[in-house]
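Enquirer: pasted the sequence and its predicted model underneath.
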Amino acid sequence: MTHNSTCISIPPLAHTIDDGFFDHRCIWVNGPVIVGAGPSGLSVAAALKQQGVPFVVVDRADCIASLWQHRTYDRLKLHLPKQFCQLPNFPFPEEFPAYPSKFQFISYLESYANHFDITPRFNETVQSAKYDETFGLWRVKTVSLSPKPTEVEYICRWLVVATGENSEKVVPEFEGMEEFGGHVMHACDYKSGEAYHGKRVLVVGCGNSGMEISLDLCNHDAKPSMVVRSSVHILPREILGKSTFEVAISLMKWLPLHMVDKMLLIIARLVLGNTEKYGLK
Ligand SMILES: NC(=O)C1=CN([C@@H]2O[C@H](COP(=O)(O)OP(=O)(O)OC[C@H]3O[C@@H](n4cnc5c(N)ncnc54)[C@H](OP(=O)(O)O)[C@@H]3O)[C@@H](O)[C@H]2O)C=CC1
Ligand SMILES: O=C(O)C(=O)Cc1c[nH]c2ccccc12
């Protein structure tokens, strides 16, 4: 996509801040504005491209899939086999392993964007998106600071929010945090356990990130402990050579979710034994 081919730049309709600091522009987009250039935003863009529908993708980061590029740990691999993770109409390369690494996944997404000629407008942060009932149009305001401070208002009929469910980090506040002399970080800033050799680390949360970070810490001779708030279900990645995810979706064709959950727990118990012996309940 070239921006010129999909939207026209028209003189500012209204200046919201006229302080001489920001340049203001108003752009009519003859199709959807897509917020977020991650896997979801890119696949929506690709589908529109194939149908010949114009669109604009904006992202506050300077690259596609910024969560994957900037906020993931080094040892990350997909947990599901690649056939469940590819985006529409563009398979993973044959030579990729069953569980691609994050670097392979990023390179796949780059190829995806190139293949469909998707050129997001980077470094543009959406400040507001308001639907104007009278005109039946969205007014999407973005701000970018470089090369010069600019405010853009996109006017469009459709808005696609593809900003991800993990784009904002949440760090709970807890007593004694201020006095604690050690380093506190969110999982999105963790790269590897290299700096933690011989150290005791408390990992809060027992989802995939908490689990894998704990494993990575162990692999780097650190001593992690985990805090689990609720009970956790530990499932093996594969059951008898088939991915657990594939088994789960096959069972879901026939059985209700709560029964599939129960069956997977029974299978997990048979495959892994009693995980309480590792301190995991
Ligand atoms: N390789 C891969 O494909 C990977 C995929 N992922 C995916 O990314 C998504 C995010 O995963 P993840 O980062 O693990 O986040 P999750 O939301 O899956 O897990 C967060 C964990 O933190 C716990 N938690 C949250 N707040 C507190 C608190 N205040 N005190 C104590 N515990 C707390 C939650 O407990 P509770 O259940 O009680 O709320 C939960 O166990 C998931 O969909 C995951 O599957 C993640 C890593 C790798
Ligand atoms: O992608 C992940 O991190 C997962 O947790 C994969 C996943 C989602 N639902 C499932 C059901 C059974 C096995 C794995 C998964």
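Expert: Perfect, thanks for sending it. Ligands and ions are numbered 1, 2, ... in the order given.

Enquirer: hey, let's count contacts and neighbours off CA atoms from now on
Expert: Fine.

Enquirer: so which elements touch the host helix or strand of residue 108?
Expert: Secondary structure from DSSP states H and E places residue 108 in helix 102-115. Here helix 102-115 touches helix 39-51, helix 66-70, going by 3 or more CA pairs under 8 Å, 6 or more residues apart in numbering; DSSP states H and E.

Enquirer: just checking, next helix/strand downstream of it?
Expert: strand 125-132.

Enquirer: and the contacts of that following strand?
Expert: Residues outside strand 125-132 that contact it (CA atoms under 8 Å, 6 or more residues apart in numbering): 35, 58, 59, 60, 137, 138, 139, 140, 141, 142, 143, 144.

Enquirer: CSV for those, including distance to ligand 1, neighbour count and secondary structure?
Expert: Below are those laid out as CSV (distance: CA to the nearest ligand atom, whole Å; neighbours: other CA atoms under 10 Å; DSSP: H, G, I helix; E, B strand; the rest coil):
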residue, distance to ligand 1, neighbour count, secondary structure
35, 20, 26, strand
58, 23, 22, strand
59, 20, 25, coil
60, 21, 20, coil
137, 33, 16, strand
138, 30, 20, strand
139, 31, 23, strand
140, 28, 21, strand
141, 29, 19, strand
142, 27, 21, strand
143, 28, 20, strand
144, 28, 19, strand
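
Enquirer: returning to that earlier point: tell me the most buried of the helices and strands packed on helix 102-115?
Expert: Highest mean neighbour count among the helices and strands packed on helix 102-115 (mean count of other CA atoms under 10 Å): helix 39-51, with a mean of 19.

Enquirer: ok so, going back, the helix holding residue 108 and ligand 2, are they touching?
Expert: No. Using CA under 6 Å from any ligand atom, helix 102-115 stays clear of ligand 2, with a minimum separation of 12.5 Å.

Enquirer: what does the stretch 1-150 of the chain put close to ligand 1?
Expert: Counting by CA under 6 Å from any ligand atom, the stretch 1-150 of the chain sits next to ligand 1 at 76, 77, 78, 79.

Enquirer: hmm, try it at 8 Å
Expert: Within the stretch 1-150 of the chain, the positions adjacent to ligand 1 are 76, 77, 78, 79, 80 by CA under 8 Å from any ligand atom.

Enquirer: check the second one and give its pLDDT.
Expert: Yep, that's residue 77 we're talking about. We have a pLDDT of 97 for residue 77.

Enquirer: how about it, what does it touch?
Expert: Contacts of residue 77 by CA under 8 Å, 6+ apart are 99, 100, 101, 102.

Enquirer: the second one touches residue 83, doesn't it?
Expert: No. When contacts are counted by CA atoms under 8 Å, residue 100 is not listed as touching residue 83 (10.5 Å).

Enquirer: which one's more surrounded, the two?
Expert: The residue with more neighbours, out of residue 100 and residue 83, is residue 100; 21 against 11, by other CA atoms under 10 Å.
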